[in-house]
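Undergrad: my questions concern the predicted model and sequence given below.
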Amino acid sequence: QLQLVESGGGLVQPGGSLRLSCAASGFSLGGYAIGWFRQAPGKEREVVLCISSSGASITYADSVKGRFTISRDNAKKTVYLQMNSLKVEDTAVYHCSASQTCAQWERFEYDFYGQGTQVTVSS
């Protein structure tokens, strides 16, 4: 079965850190751009970061600049989202998805996407 599986979410206090993982199952990540988007209850989907197949990253959400970074390990078929200095407003379900390019990803043109992992930032 071809799918992406997210993990690493949880409950963290403001100022804390989490690292999310996005693992590919049944296909190779190498040829895909992978991005993370998030959705909080009652809010629209927000694109966060994308990493191209060559490893170039793009940050779309101004609110995470300087705090979140994206990286990939094609050998492990995994993309990571490192989240530091977490804020209450980062609370959301985080999803990863795969597209041919980050430009396509930004337009929600996904080839694959996962079910998401919950991140809750609360004291």
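TA: That came through fine.

Undergrad: can you tell me the centre-most residue of the protein?
TA: For the chain, the residue nearest the mean C-alpha position is W36 (2.5 Å; Cα atoms, centre = their mean).

Undergrad: tell me how far the helix or strand of the chain with the lowest mean pLDDT lies from the chain's centre.
TA: Lowest on mean pLDDT, DSSP states H and E among the helices and strands of the chain sits strand 112-113, with a mean of 90. Its chain's C-alpha centre and that of strand 112-113 lie 12 Å apart, by Cα atoms, centre = their mean, to the nearest Å.

Undergrad: same deal with stretch 105-116?
TA: With Cα atoms, centre = their mean as the basis, stretch 105-116 stands 10 Å off its chain's centre.

Undergrad: report the buried residues of it.
TA: Under the neighbour-count criterion of 16 or more other Cβ atoms under 10 Å, stretch 105-116 has W105, E106, Y110, D111, F112, Y113, G114, G116 buried. Glycine gets a C-beta too; all of them are placed from N, C-alpha and C.
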